[in-house]
Structure formats: C-alpha cells, structure tokens
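>>> Structure for the following, please:
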Amino acid sequence: MVSVQGNYGLCGGIPELNLSSRIPEYLGELPFLTYLNLSFNQLEGEVFTVGAFGNATMVSVQGNYGLCGGIPELNLSICPTYSTNKHLLVKI
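Prediction:
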C-alpha cells in the first residue's frame, strides 16, 4: 500500500495490483484519510456508504467489476440480495 502523509491528511492507494477480495470497512474510517485509490483490481462485494466511501471525491473504485452498491456517484451496479427461500432478489 502506498501512502503519503502531509499537512492535509493521508492519501493511499493500491491500484492495479490485481487484488481480489472484499474491501475492509475500516479503510473508509481511517483518520486523516483524504483520498483512497482502489482502482483496477478485482475487488468484489458491496461498497460502503460511510466514511471515505460516502464521498466520491475521496475514493476511486473504477475498474473493479465485482463491486456493487455504494453511493450513486460511484456508478456501481445494484447489489443483489437473497431471500431466505433461495430466490434472487434485486433492490430497485
């Protein structure tokens, strides 16, 4: 992970490292975080809407086609939800 700390906060990124997992929620809650670049990996799952993930100017997740949800400005697909009777439901 690359990080640069200055007078204005912490910038970090792990772009294009071919990472494949879910985004840990704590990344969006790092104190002093001003920008987080997670672009062009193979991340998957729902993107949070709190902390840095609640501000499209603080986070970049483009190129991670397995991600869904998040705030509308991130332009991600809607996350599927599953009912207890094993039928696929999609939130609209």
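>>> count of neighbours near residue 69?
Residue 69 has 16 neighbours, counted by other C-beta atoms under 10 Å. All C-beta spots, glycine's among them, are computed from the backbone N, C-alpha and C.
>>> let's number from 151 now, not from 1
Right, with 151 as the first residue, what we last looked at is residue 219.
>>> Hmm, it is touching residue 200, no?
No. The criterion here is C-beta atoms under 8 Å, and residue 219 misses it with residue 200 at 11.8 Å.
>>> for residue 176, helix, strand, or coil?
Under DSSP: H, G, I helix; E, B strand; the rest coil, residue 176 falls in the helix class.
>>> residue ranges for the strands of the chain, please.
In the chain, the strands defined using DSSP state E lie at 152-156, 159-163, 183-187, 194-197, 209-210, 216-219, 230-232, 238-240.
>>> which regions of this structure sit below the pLDDT cut-off?
Within the chain, the set of residues satisfying pLDDT under 70 comprises 151-169, 233-242.
>>> ok, the closest residue to residue 218 other than its chain neighbours - how many residues close by?
Spatial nearest neighbour of residue 218, excluding adjacent residues (C-beta to C-beta, 6 or more residues apart in numbering): residue 229 at 3.9 Å. Residue 229: 14 surrounding residues under other C-beta under 10 Å.
>>> My read is that residue 229 contacts residue 219, right?
Yes. The pair residue 229 / residue 219 is scored as a contact, 4.4 Å apart, by C-beta under 8 Å.
>>> Between those two, which contacts overlap?
residue 196 (C-beta atoms under 8 Å, 6 or more residues apart in numbering).
>>> so what's residue 205 up against?
Residue 205 neighbours (C-beta under 8 Å, 6+ apart): residue 221.
>>> Kindly provide the distance from it to residue 220.
According to C-beta to C-beta, to the nearest Å, residue 205 and residue 220 sit 11 Å apart.
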